[in-house]
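S.K.: return atomic coordinates for the entry below.
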Amino acid sequence: MLLDSASNSPTKDANVTRAFWRYTIPAVVAMVVNGLYQIVDGIFIGHYLGAQGLAAVNLAWPIIGIIIGFGVLVGMGSGSLLSIYRGAGDNTGVQQLMSNSFWLIAILAVVAMIVLVLFGPSLLELQGASGELLHSSLAYLQVLNWGAGVTIAAGALPLLLRNNGKPEMATALLIIGALSNIVLDYFMIVKMQWQLPVLHLLR
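M.R.: Take a look at the predicted model:
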């Protein structure tokens, strides 16, 4: 028995190491790609919309960050339970959890939309926005009124996919999104000269 245990140990170690790198490398790539969104948007805004555009986006971003945080909240919590259910071989639990996660995303999206409609201007004014800067920030933020569900889902789905055994797919979707963002930023801001609301729609 001891000999059997010893002989299986290297194989188990190899499997654990392989699984570790299979999940770690896509996770690191995903973090780098997420950082590219802010860098690329900052470059386009700074060059083509100027300091006013950068200031407007920076005022809106704390609010957007909270909305994205709702998605990460769902993704982290549900993803942890998802891993437990998968480890136990409970496919029914996995399906039920995924269904509940989508419902939670939908509920949070409705709540976020209501809060933004009612308190969006006040939240911007609380940060010191006024005049034309308030108008620009609000225009950027108003796109989120209708896209809150997509924003929350974008924070949750990569984590759910990763914990459902598909880390490569999660990272591939993030990379596709980042590349699409760069191409569309150039086309719509540089070529078509659209303004801040379109930038947030692209994101």
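S.K.: mean confidence for stretch 164-175?
M.R.: When the per-residue pLDDT values of stretch 164-175 are averaged, the result is 85.
S.K.: give me the contacts around it.
M.R.: When contacts are defined by Cβ atoms under 8 Å, 6 or more residues apart in numbering, stretch 164-175 is touched by residues 22-23, 26-27, 29-30, 33-34, 82, 86, 94, 98, 157-159, 161-162. Where C-beta positions appear, they are placed from N, C-alpha and C, glycine not excepted.
S.K.: what's the answer for stretch 84-99, then?
M.R.: Residues outside stretch 84-99 that contact it (Cβ under 8 Å, 6+ apart): 78, 81-82, 160, 163-165.
S.K.: residues in contact with the spatially most central residue of the chain?
M.R.: The residue lying closest to the centre of the chain (Cα atoms, centre = their mean) is residue 155, at 3.0 Å. If you count contacts by Cβ under 8 Å, 6+ apart, residue 155 has them with 68-72, 74-75.
S.K.: among those, name the buried ones.
M.R.: Of all the contacts of residue 155 considered here, the ones buried according to neighbour count by 16 or more other Cβ atoms under 10 Å are 68, 70-72, 74-75.
S.K.: for these, which one is nearest residue 122?
M.R.: Residue 122 lies nearest to residue 70 out of the buried ones among the contacts of residue 155, by Cβ to Cβ, at 19.4 Å.
S.K.: element containing the closest one?
M.R.: Secondary structure assignment for residue 70, by DSSP states H and E: helix 50-87.
S.K.: if you count neighbours, what's buried in that helix?
M.R.: Using 16+ other Cβ under 10 Å, the residues of helix 50-87 that count as buried are 53, 55-57, 59-61, 63-64, 67-68, 70-75, 78-79, 82, 85-86.
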